[in-house]
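Asks: sequence? don't have it. structure:
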Ligand code: AMP
């Protein structure tokens, strides 16, 4: 992989990278298509990264279907599918720590998750040497942290964020949606419903974040972990709503944890 990347560089070809954990859906494919329009070569990685799963999380049960994923990618403009079995050498212990940005929002219930994400993306960047990388806005906290990592570590990668792709009823597409029972599936779009309620109140002129978020929380039909309004770059809470603010939420339905967000 590494020598291929160096060869592309030598030939002056722009490499665009899309990291994923597989079990691909239209959300992932939208990133791949975006990548195709940004450079000369597209690399997609599929790697279920053990370092970003907590001990009690779904690493073992995470949906995997490499053959199906490869077939889907064959229909897209993809030059390389990079699907390593293992990325960590024995005794690997140095990590990329996102600091306080990794402790808020999803980081509260998933300690260490974003360190695992930042570490694997840094490794993948070093292996693939992309000129640009495309990520989904669905994982807004992930994007903010990786964007900050690129800036803090002076990484020569252009970071591109692509819009959230949703089902017709508003549910954000996710590999984990396959876990939902039919009854849970019906309740799942209510997380997006809560976010839309915040957006609507904002459009009507409401600016008091705490008040709006409290009211919108009632719309969520699962166990709401959080619903917050934050600065989309620093992830710090904002007391007043304004254009560009990130409103993000996480909700549990049975064993499935859903996340979603909108930008005002
Ligand atoms: P994952 O395989 O879940 O790690 O996601 C790989 C990439 O796809 C990340 O950049 C995600 O933000 C992005 N992604 C996942 N779901 C969606 C979606 N519904 N819309 C847009 N991007 C998504």
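Replies: Cool, the structure landed. The model shown is predicted, which means the values in this text are computed figures rather than measured ones.
Asks: state the distance from residue 264 to the ligand.
Replies: 19 Å (Cβ to the nearest ligand atom, to the nearest Å). The way it works is simple: take the backbone N, C-alpha and C, and place the C-beta from them, glycine included.
Asks: number of residues surrounding that residue?
Replies: Neighbour count of residue 264, defined by other Cβ atoms under 10 Å: 17.
Asks: and the pLDDT for the nearest residue to it once chain neighbours are set aside?
Replies: Leaving out its chain neighbours, the residue that sits closest to residue 264 by Cβ to Cβ, 6 or more residues apart in numbering is residue 245, at 4.7 Å. At residue 245, the model reports a pLDDT of 98.
Asks: quick one: contacts for residue 245?
Replies: By Cβ atoms under 8 Å, 6 or more residues apart in numbering, the residues touching residue 245 are 209, 229, 230, 231, 232, 238, 263, 264.
Asks: tell me if the second one really is in a helix.
Replies: No - counting by DSSP: H, G, I helix; E, B strand; the rest coil, one finds residue 229 to be strand, located in no helix.
Asks: name whatever forms a beta bridge with it.
Replies: With DSSP bridges as the criterion, residue 229 is bridged to residue 247.
Asks: so that it lines up with my notes, have the first residue be 748 from now on.
Replies: All set: I'll call the first residue 748, so the last point we hit is now residue 976.
Asks: ok, now which ones touch it?
Replies: Counting by Cβ under 8 Å, 6+ apart, residue 976 makes contact with 945, 956, 959, 960, 984, 985, 988, 992, 993, 994, 1011.
Asks: correct me, but the fourth one touches residue 973?
Replies: Which is residue 960. No - using Cβ atoms under 8 Å as the test, residue 960 is too far from residue 973 to be in contact (9.3 Å).
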